[in-house]
Structures are given as C-alpha cells and as structure tokens.
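Asker: coords please:
(one chain, ligands or ions: 2)
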Amino acid sequence: MDPLAQLKERISGARSLVVLTGAGISADSGVPTFRGTDGLWRSFRAEDLATPEAFARDPRLVWEWYDWRRGLISTKRPNAAHVALADLERRGPSFHLITQNVDGLHRNAGSQWLTEIHGNIWMVRCTACGSVEPNHDVPIALLPICRHCRGLLRPHIVWFGEALAAADIQQSLKAVQSCDVLLVVGTSGVVYPAAGFASLAKEQGAFVAEINIEPTGNSHIVDVAVQGRARDVVPLLL
Ligand code: NAD
Ligand code: ZN
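Answerer: Ligands and ions are numbered 1, 2, ... in the order given. You can find the predicted model right below:
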C-alpha cells in the first residue's frame with residue numbers, strides 16, 4: 001500500500017488522533033521558518049532575540065522584532081493544511097492538536113482542541129503582575145505597559161532557555177501517550193520537548209507518520225514519512 005493510503009486508513013480507524021505541527025505548516029501561508037534564510041531580521045537570528053537575556057538587555061529591540069513579525073503574520077491567512085486539520089477535528093472521534101507555532105493560524109482556521117505549547121504572538125504577559133491578555137495592535141506601542149500595574153509587557157511566548165507551562169506539557173504528554181495515531185507536520189524535530197513526541201508515541205505502540213518537505217530527525221523512527229508540502233498533502237487525508 002502506498003504510504004498516504006496507509007496513513008489515511010490508520011486515521012479513519014483511529015480512536016484517538018494527535019497532530020503535532022511546526023513552522024513548516026505555516027510556511028505554506030508565507031510565514032518564514034526560523035531555520036530558512038527568511039528567518040533573519042536585520043542581522044539577527046531568532047536565537048539571539050527570542051531569549052529572556054535579550055529582553056533583559058534590550059526590551060525595545062526584542063519588541064521591535066516582535067512588532068515586525070506581528071505585522072508580517074497579520075497579512076497571512078490559514079492555508080489548506082490548517083483548514084484540513086480543523087475539518088479532521090470536526091469529523092474525528094478524539095482529536096488533539098499540539099502546535100509549536102505562535103502565529104495563531106490554527107485558531108483562525110477553526111481548530112479548538114489546541115495546545116499552543118510555545119505561546120501565541122497575539123498575547124502579552126506582564127513581567128510584574130503576570131496577567132496575560134490578547135493584544136492585536138500593529139504596530140504595538142513601544143514599550144508596551146500593563147494597564148493594571150504599569151509593569152513592562154512581554155510577548156506571551158516560550159523563549160529559548162525557558163520552560164513550557166506545566167499544564168501545557170502535561171496535557172500534551174497525556175495526549176501523545178494515549179493516542180493511536182500521531183501525525184507530525186512541518187517540524188524539524190530539533191526543538192525539545194516536541195522533538196521527543198514521535199518516539200514517545202512510538203514506544204506506546206502508536207502509528208506515527210510525518211509530513212515534511214525533507215527528511216528530519218524523526219524520519220528514521222516513523223512508520224510512514226510522506227515527502228511534500230503540508231498544504232498539498234494534509235488535505236488528501238480527509
Ligand atoms: P523549524 O523552522 O525548525 O522547522 C520547520 C520544518 O518545516 C523543517 O523541517 C522544514 O523542512 C519543514 N517545512 C518547511 N516548509 C514546509 C512545507 N511547506 N510543508 C511541510 N514542511 C515544511 O520549525 P519548528 O520545528 O516548528 O521549530 C522552530 C521553533 O520556531 C518553534 O519553537 C516555533 O515556536 C518557532 N517558530 C514559529 C513560527 C510560527 O509560529 N509560524 C515560525 C517560525 C518559528
Ligand atoms: Zn501588570
């Protein structure tokens with residue numbers, strides 16, 4: 001059986017389907033991944049800006065970068081892959097989407113059972129009182145200030161070197177450990193803990209599939225690797 005047909009059959013027979021997505025699914029909407037050359041802003045790499053140290057040193061620079069990314073993302077729409085995953089959720093028995101993306105495109109496509117493990121670029125968090133709120137201003141006022149306590153706001157994003165929210169990691173691990181099919185779409189498999197989800201699901205006996213334009217760190221352990229663009233391949237699963 002060809003890999004796609006095999007995956008389709010597994011999905012239609014699944015009691016519990018979990019999908020893990022990464023920057024590749026949004027690349028098809030025109031949102032740059034970090035690892036491609038489009039990931040650069042001025043001369044900075046994401047790893048130099050998306051850190052607590054960078055924010056402590058120069059919050060204005062970090063906010064300028066996020067403002068630029070928010071402006072870019074605000075012009076992008078969910079693509080056929082985001083829409084197909086929202087459809088799968090409506091059809092399937094038990095469905096859980098875990099995304100490393102912060103762009104909000106899964107939400108815009110209608111996904112509801114969704115854990116955004118790296119946060120959301122359209123949310124801000126107060127560095128003083130901790131309150132979290134939506135903020136869609138583009139451009140955002142620099143530097144943005146909390147309306148409750150006048151503390152400095154930061155993006156509600158999990159930065160390099162920071163821990164994921166405990167509730168998010170628990171929810172994700174529970175879903176991954178109890179699913180019978182795990183589908184991994186557009187993620188390089190180098191950013192932990194999500195990079196470990198494929199092998200975890202495999203150890204629990206799940207069928208694990210990957211959709212990516214190229215082989216990844218997970219390709220050798222998956223049952224099926226489909227090579228292609230997310231927006232072309234994911235809709236074929238319906
Ligand atoms: P990554 O940039 O490390 O990897 C992207 C993966 O997508 C690669 O394996 C690449 O081969 C694949 N890919 C590229 N185009 C594709 C397409 N059209 N169809 C299918 N696959 C495609 O991204 P990552 O693994 O998600 O991890 C990087 C980190 O960067 C994450 O923490 C994430 O939060 C963050 N990030 C998020 C966004 C976003 O929200 N859209 C964008 C860039 C980075
Ligand atoms: Zn505050």
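
Asker: Which residues of the chain lie near ligand 2?
Answerer: Proximity of the chain to ligand 2 is confined to 126, 128-129, 146, 148-149, 151 under the rule C-beta under 5 Å from the ion. Yep, even glycine has a C-beta here, placed from its N, CA and C like the rest.

Asker: so which of those comes closest to residue 69?
Answerer: Closest to residue 69 out of these is residue 126 (20.3 Å), distances taken as C-beta to C-beta.

Asker: buried sites along the strand ranked longest in the chain?
Answerer: Looking across the chain with DSSP state E, the single longest strand is strand 119-126. Within strand 119-126, the residues scored as buried using 16 or more other C-beta atoms under 10 Å are 119-126.

Asker: Which secondary structure elements does the helix or strand that contains residue 168 sit against?
Answerer: Here residue 168, judged by DSSP states H and E, is contained in helix 166-178. Packed against helix 166-178, as judged by 3 or more C-beta pairs under 8 Å, 6 or more residues apart in numbering; DSSP states H and E, are the following elements: strand 17-21, strand 95-99, strand 114-116, helix 197-203.

Asker: Could you give the average pLDDT over the longest one?
Answerer: Looking back up the chat, that one is helix 197-203. The pLDDT scores in helix 197-203 average 96.

Asker: who does the longest strand of the chain touch, helix- and strand-wise?
Answerer: In terms of contacts (3+ C-beta pairs under 8 Å, 6+ apart), strand 119-126 is packed against helix 59-74, strand 132-134, strand 153-157.

Asker: how about those in CSV, adding mean pLDDT and distance to residue 208?
Answerer: Below are the helices and strands packed on strand 119-126 laid out as CSV (pLDDT from 0 to 100; distance: least, C-beta to C-beta, whole Å):
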stretch, mean pLDDT, distance to residue 208
helix 59-74, 97, 29
strand 132-134, 97, 33
strand 153-157, 98, 28
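
Asker: For this protein, what lies in contact range of ligand 1?
Answerer: 22-24, 26-28, 31, 33-35, 100-103, 118, 186-188, 190-191, 212-214, 216, 229-230 (C-beta under 6 Å from any ligand atom).

Asker: Now the buried members of the residues you listed.
Answerer: Neighbour-count burial (16+ other C-beta under 10 Å) is assigned, among those, to 22-24, 26-28, 31, 33, 100-103, 118, 186-188, 191, 212, 216, 229-230.

Asker: Now, these that are in strands?
Answerer: Reading strands off these with DSSP E, I get residue 212.

Asker: Out of the helices and strands packed on helix 166-178, which is the most enclosed?
Answerer: Most buried of those, by mean neighbour count (mean count of other C-beta atoms under 10 Å): strand 17-21, with a mean of 28.

Asker: what about the closest residue to residue 219 other than its chain neighbours, how many residues close to it?
Answerer: Nearest non-adjacent residue to residue 219, counting by C-beta to C-beta, 6 or more residues apart in numbering: residue 225, 5.0 Å away. Residues lying near residue 225 (other C-beta atoms under 10 Å) number 20.
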